[in-house]
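S.K.: next input, structure requested:
(chains A and B)
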Amino acid sequence: MALPKDFGFGEDETMLQDTARRFFADNLQTEKLHKLVAENHEPEVASACHWQKEMWEQMVELGWAMIAVPENAGGIGMPAVAAVALAEEIGRVCLPSPMMQVMSATYVLAACAAERVQGAMDDIVGGKVIGLAITNKAGSWEHSETDITASEEAGLTLNGTAWYVQDARKLNTFVVKARSNAGIGLYLVPADAEGVSIHPDSIIDLSRDQAHVSFENVKISSSQIMAPAGEGEMALAKAEPALLCLVTADIVGAAEWQLQTTVEYANTRIQFDKPIGFFQAVKHPLVDMMIMIDEAKSLLYTAACAIDHEAESALNYARMAKAVASDAAEYCSNKSIQLHGGIGFTWESFMHLYFKRQKHNQQLLGDGFYHRAKLADALIGPVVVC
Amino acid sequence: MSEKQKKDTTEQTEFRAYCRAWLAENKPGEPPVRLPQSALEVMTTDQLDYLQAWQKSAYDAGLVGCDYPKDVGGGGRKDCQRVANEEMQRIGTPFFPNVIGLGMAAPTIFFHGSDELKKKLLPKLFSGEEIWCQGFSEPGAGSDLANMQTSVVIDGDDWILNGHKVWTSCAHFASYMIILVRSGNEVRYENLSYFVVPIKSALGEGVTVRPLIKMTGETGFNEVIFENLKVPDAYRLDQVGSGWKVAMTTLAHERSAGIMVTPSAGGMTNKEVQGAGTADGLIELARTSMRNGRRAADDPMIRDSIMKVLIRERAFGLGQKRAKVPALCDNNPARLATQIKLVISEIRQETSKVAMEAMGAASTLYLADENALVEGQWALAHMNTYGFTIAAGTSEVQRNILGERVLGLPKSK
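M.R.: Got it, this is the predicted structure:
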């Protein structure tokens, strides 16, 4: 199968991109964002969970929560490049929103048996906030690893803790990865179910919230089984390229903002009688930011396109995209602060909002080293230990 | 049916079939001598004879100069050079030796020369019978090209040329040079004029060509000294004083951003050195080379480095496709196009650097050593990458151009 020349990015996708760009420009100027998430600067205060519920409802009304829900499950079923276009705009405005979690959960659910997940898909279409609880304390991105066990004695129950759960306090429902003797399963658990407790983490990123979520003898009925034990790994693996693309898109959007904002500053800040962008020590790193962003974009759109048109190569492309994007997140964050000089180091500047989101993004679902190691296994072959 | 074929016009479809049939019959066999890595490093007449014979046969068959009009020696076709290039590269032919002529001199003469000049010069340029070189850079005018001092003074119907050009690839075989000179008072971009100069016929009589030896040990480029050489006014391109404008045509084509598609063959290498220079070749190398006593492919640092360059190489190729989709380019197609030269030259440098690291102790071995891996070609390739990152606008100048023209930063000069 060949990839279409336009990366599958047609009229509908362009329209979504335009609408999202306008919507955020109208509703979330950076000043407003700063006021929303950075009201308290004190470093030793526990992280708050700031977001605009009304904006989420508007986004649901625009149909954005269901763009990844397949048509036969009641959604719009747009291609992954559309989800990526939306995620890129969300990253560009550093939006505090569970949208990425909902879209990620949607891709995982869509990889499970359709009859099991229809209820959850209906919830997503209706605007319910569902997200993934799939990471362990060691921060493993392997589908086979979890600190949660599913036991079948006296009915199905979950015990253990999911770590690094994104936007946990915004979620109504978790898709929980748990292991039993029969393997990995995925279970739908309401946040207010008995035995569930959310412990918010104090995190660097002001535009997100994160928590570890404990499950203590949480009862699971058969309707809550999204993937029965033994089938969860496959569903997660199938969704992985899309999950990687969503984080990559967030990075790319945020990095483009970092680039453009720093270019603007370099054109206006005068030192030694010249705009600092005149000096090559400032100019050249800005060009390098652009080149890294462009490499990440080319790989990202290819990976997203491959999900719908060349599934067998999607994972490798997605790993490449995330690897470059993770490095770009680091580099662009570094330069955006450094090239702003003293003002870039202050709380009042907007740069730190993006810096912090990018440092978070860099690690989510694995950084550059992780994905290059995975790619090396696939393309060079496993390491031979003598 | 491949992607490429799908978008062919009727003329292109027929021409592609013709190219395939001709190449199947006429693709040259293994070269009798080891070929250099590019036309810019052709050193011996044995190499040149073999490559010239190939270019001539491809020209006679209509695969070179396809898009130029028939009356200047071209094929009179519409957008068919791309097709010929794809077919030649697909089956891996030798490269063309007259690379400066095809890529830089031909479009410049075509857009700025008189009808007589075009008819006189272009046919043997296309056939490769006459090799061309280019004279822009000087000892005092590298990145700062407009600082050039080589000059012409009018003398009746002739001009008298004096000066010193450097980094002149192919000058040791060249019949002609395209040259940018000062034709009046020194005002940087003004008072520059552009000529074609017969040099082979004037060797020892106003023209001296001396090889400049590269860090690789190869010759291939030269310095050319002009002493009171008489150049007929008929060899001028465009108006007196319009040299900078003409030079922009040359430079645009050199950076693959010109109107004419450059005839370009290639892909054939001696079997033993296949893959040297690419990320896939690098993986092959790492599988066999030992470093620090173990297989390079098992060293996590080497694996990480290889994946880094492989990813960049893939991203570059995909970026060329993305450049054609405006909605995915922030509606600024120049942004990707302007990066090409900088990015590809740095990827090549990085790739061959990692290859040297993957070879560990064996990276010390060079071309003449029987134990050298891949015949020492990686070391040669690596050193030659500095030619790419320096020539045609150094990476530093490229970053200025990108910063100023794409990002809109203030000019550094």
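
S.K.: which residue, other than its chain neighbours, is closest to residue B:68?
M.R.: Distances taken as C-beta to C-beta, 6 or more residues apart in numbering or on different chains place residue B:74 nearest to residue B:68, at 2.5 Å, with adjacent residues excluded. C-beta: built from backbone N, CA, C; applies to glycine.

S.K.: count the residues that sit near the one you found.
M.R.: When neighbours are counted by other C-beta atoms under 10 Å in any protein chain shown, residue B:74 registers 23.

S.K.: correct me if wrong: it contacts residue B:126.
M.R.: Yes - using C-beta atoms under 8 Å, residue B:74 is in contact with residue B:126, at 7.1 Å.

S.K.: need the residues touching each of the two.
M.R.: Jointly contacting residue B:74 and residue B:126 under the rule C-beta atoms under 8 Å, 6 or more residues apart in numbering or on different chains are B:65, B:68.

S.K.: the domain parsing of the chain - what is it?
M.R.: Going with chain A. By the assignment in automatic domain parsing, chain A contains the domains A:11-128, A:132-229, A:233-379.

S.K.: actually it's chain B I care about, not the one you picked
M.R.: Residue ranges for the domains of chain B, per automatic domain parsing: B:3-97+B:105-127, B:132-254, B:271-406.

S.K.: kindly report the residues of the stretch 301-413 of chain B close to chain A.
M.R.: Residues of the stretch 301-413 of chain B lying close to chain A (C-beta under 8 Å from any C-beta of the partner chain) are B:303-304, B:306-308, B:310-312, B:314-316, B:318-319, B:321-322, B:324-325, B:327-328, B:330, B:335-336, B:339, B:342-343, B:396, B:399-400, B:402-404, B:406-412.

S.K.: and the residues you listed, which of them are in strands?
M.R.: In strands, defined here by DSSP state E, there are no members of these.

S.K.: what about burial for these, which qualify?
M.R.: B:303-304, B:306-308, B:310-312, B:314-316, B:318-319, B:321-322, B:327-328, B:335-336, B:339, B:342-343, B:399-400, B:402-404, B:406-407, B:409, B:412 (16 or more other C-beta atoms under 10 Å in any protein chain shown).

S.K.: give me the pLDDT for the residue nearest to residue A:70 when sequence neighbours are not counted.
M.R.: Spatial nearest neighbour of residue A:70, chain neighbours left out: residue A:77 (4.6 Å); criterion: C-beta to C-beta, 6+ apart. pLDDT recorded at residue A:77 is 96.

S.K.: next, count neighbours for residue A:77.
M.R.: Residues lying near residue A:77 (other C-beta under 10 Å) number 15.

S.K.: ditto for the one 3 residues further on
M.R.: Around residue A:80 sit 27 other residues, with neighbours defined as other C-beta under 10 Å.

S.K.: how about the contacts made by it?
M.R.: The neighbourhood of residue A:80, defined by C-beta under 8 Å, 6+ apart, consists of A:68, A:241-242, A:245, A:304-305, A:307-308.

S.K.: distance-wise, check it relative to residue A:107.
M.R.: Noted for residue A:80: a distance of 8 Å to residue A:107, by C-beta to C-beta, to the nearest Å.

S.K.: for residue A:219, same thing?
M.R.: Note on residue A:219: its distance to residue A:107, by C-beta to C-beta, is 27 Å.

S.K.: pLDDT weak spots in chain B?
M.R.: Applying pLDDT under 70 to chain B flags the ranges B:1-6, B:186, B:269-275.

S.K.: and the strands in it?
M.R.: Under the criterion DSSP E, chain B contains strands at B:132-135, B:151-155, B:158-165, B:176-187, B:190-198, B:207-212, B:221-232, B:236-237, B:290-291, B:294-295.

S.K.: redo those as JSON lines? Include mean neighbour count and distance to chain A.
M.R.: Below are the strands of chain B laid out as JSON lines (neighbours: other C-beta atoms under 10 Å in any protein chain shown; distance: least, C-beta to the nearest C-beta, whole Å):
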{"stretch": "strand B:132-135", "mean neighbour count": "27", "distance to chain A": "27"}
{"stretch": "strand B:151-155", "mean neighbour count": "16", "distance to chain A": "31"}
{"stretch": "strand B:158-165", "mean neighbour count": "20", "distance to chain A": "28"}
{"stretch": "strand B:176-187", "mean neighbour count": "20", "distance to chain A": "23"}
{"stretch": "strand B:190-198", "mean neighbour count": "22", "distance to chain A": "24"}
{"stretch": "strand B:207-212", "mean neighbour count": "16", "distance to chain A": "28"}
{"stretch": "strand B:221-232", "mean neighbour count": "19", "distance to chain A": "27"}
{"stretch": "strand B:236-237", "mean neighbour count": "24", "distance to chain A": "33"}
{"stretch": "strand B:290-291", "mean neighbour count": "18", "distance to chain A": "11"}
{"stretch": "strand B:294-295", "mean neighbour count": "16", "distance to chain A": "7"}
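
S.K.: how about the helices in chain A?
M.R.: A:11-27, A:30-37, A:53-61, A:80-92, A:99-110, A:114-125, A:232-268, A:280-309, A:311-338, A:351-363, A:368-379 (DSSP state H).

S.K.: and the longest one, is it in reach of chain B?
M.R.: Yes - for helix A:232-268 and chain B, the contact criterion (C-beta under 8 Å from any C-beta) is met by A:256, A:259, A:263, A:266-267.

S.K.: so what does residue B:238 look like in phi/psi?
M.R.: Main-chain dihedrals, residue B:238, degrees, to the nearest 10: phi 60, psi -170.

S.K.: leaving out chain neighbours, which residue sits closest to the spatially most central residue of chain A?
M.R.: Residue closest to the mean C-alpha point of chain A, counted by C-alpha atoms, centre = their mean, is residue A:247 at 3.6 Å. Closest residue to residue A:247 apart from its sequence neighbours, by C-beta to C-beta, 6+ apart: residue A:364 at 5.0 Å.

S.K.: and the one you found, how far is that from residue A:208?
M.R.: 10 Å.

S.K.: between those two, what contacts are shared?
M.R.: Both residue A:364 and residue A:208 are in contact with residue A:166, where contact means C-beta under 8 Å, 6+ apart.

S.K.: those two - which one has more neighbours?
M.R.: The neighbour comparison of residue A:364 against residue A:208 (other C-beta under 10 Å) goes to residue A:208, with 29 against 24.
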